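Asker: my questions concern the predicted model and sequence given below.
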Amino acid sequence: MPTFTPTAAIPASSPKLAGPRTVLVTGASSGIGYQTARLLAIAGMSVIVHARNGDRAEQAVRQLTRDGADPSRLTTVVADFTHLDDVADMAHEVITRHPRLDLLVNNAAVVGPPGRMLTDEGNELSFQVNFLAHFLLTRMLEPAFAAASAPRVVNVSSALHRTGSINWTDPTRSRGYSRVAAYAQSKLALTIFARAFAEYGRSAATSVSVHPGVISTRLLPYYGTVGRPASEGAAAVTHLCSAATEIEPGAYYDRLAATEPGPKVGESRTMGRLWKLGAHLTGQA
């Protein structure tokens, strides 16, 4: 363990971003993550492309270049989020190579298998990949946020967070495991984290969360049978990355519109409990 409701379609256009800025997009080798990296790269940003292995990262860079990105503005980092040591190593690498980070898009996500699976650290798979890894990464990157002007953290959440609950005494869900319930728990945790960061974070970064819509990705079966293109989900994400978009710390967005999240998200006690749980499970307590 490391020590340290349908709405109108969104045009998939590039956001207007002022000045040279650097962004890290997790899970950028496919789906919403790839399309987010593409839109931000075309807008002129320096994009750090994260993937779980080197082959996927290099393949994403080649495709981004074919799609119009400037290869000189693309770099890669590799980490398997099922291993928190990988996440910590990646954070150190990012800070070393990019001491100023303007944007972090916490996008990487999985749905666990039908039967409960634990990581080497003993955490339920989707809870670690979707929440704990991003909790650890965000906290470790705070020195790089401190060197940026108006840094932002955009957490790609899900409307399914409304159906979730945090099993405080058994977050691994050893009793009555359901892959959908575990996924909803992880997205609820990420949404609470986005709100709690304003109170407990050590940097001036503004953190928000966003439901990008029902999108045609590998996760579509858990939302419905018809999804919009990944580029539309990415447009909602990059809208929040734009310096021209005013955002409120901790806000939750349903695509473009700020809206009330699930009732547990803003509770002070819940935020404190989640922060302590995240710190404990990632070795930062």
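Answerer: In hand now; what should we look at?
Asker: residue contacts, the residue nearest the centre of the chain?
Answerer: Nearest to the geometric centre of the chain sits Asn106, at 1.7 Å (C-alpha atoms, centre = their mean). Neighbour list for Asn106: Thr26, His134, Leu137, Thr138, Val153, Val154, Asn155, Val156, Leu190 [criterion: C-beta atoms under 8 Å, 6 or more residues apart in numbering]. In short, each C-beta sits where N, CA and C put it, glycine included.
Asker: cool, Pro71 as well?
Answerer: Contact partners of Pro71, counting by C-beta under 8 Å, 6+ apart, are Val61, Leu64, Thr65.
Asker: now the buried members of those.
Answerer: Val61, Leu64 (16 or more other C-beta atoms under 10 Å).
Asker: out of the contacts of Pro71, flag the one nearest to Ala88.
Answerer: Among the contacts of Pro71, Val61 lies closest to Ala88 (C-beta to C-beta), at 23.5 Å.
Asker: pLDDT wise, what is the closest one at?
Answerer: pLDDT, Val61: 98.
Asker: give me the nearest residue to it, chain neighbours excluded.
Answerer: Leaving aside its chain neighbours, Val61 sits nearest to Leu74 (5.1 Å; criterion: C-beta to C-beta, 6 or more residues apart in numbering).
Asker: repeat that for Pro20.
Answerer: Nearest residue to Pro20 in three dimensions, chain neighbours excluded: Ser46, at 6.7 Å (C-beta to C-beta, 6+ apart).
Asker: which residues touch the one you found?
Answerer: Residues in contact with Ser46 (C-beta under 8 Å, 6+ apart) are Pro20, Arg21, Thr22, Val23, Arg73, Leu74, Thr75, His98.
Asker: sort those residues by pLDDT and name the bottom one.
Answerer: On pLDDT alone, Pro20 ranks lowest of these, at 71.
Asker: does that residue count as helix, strand or coil?
Answerer: Of the three states, Pro20 takes coil according to DSSP: H, G, I helix; E, B strand; the rest coil.
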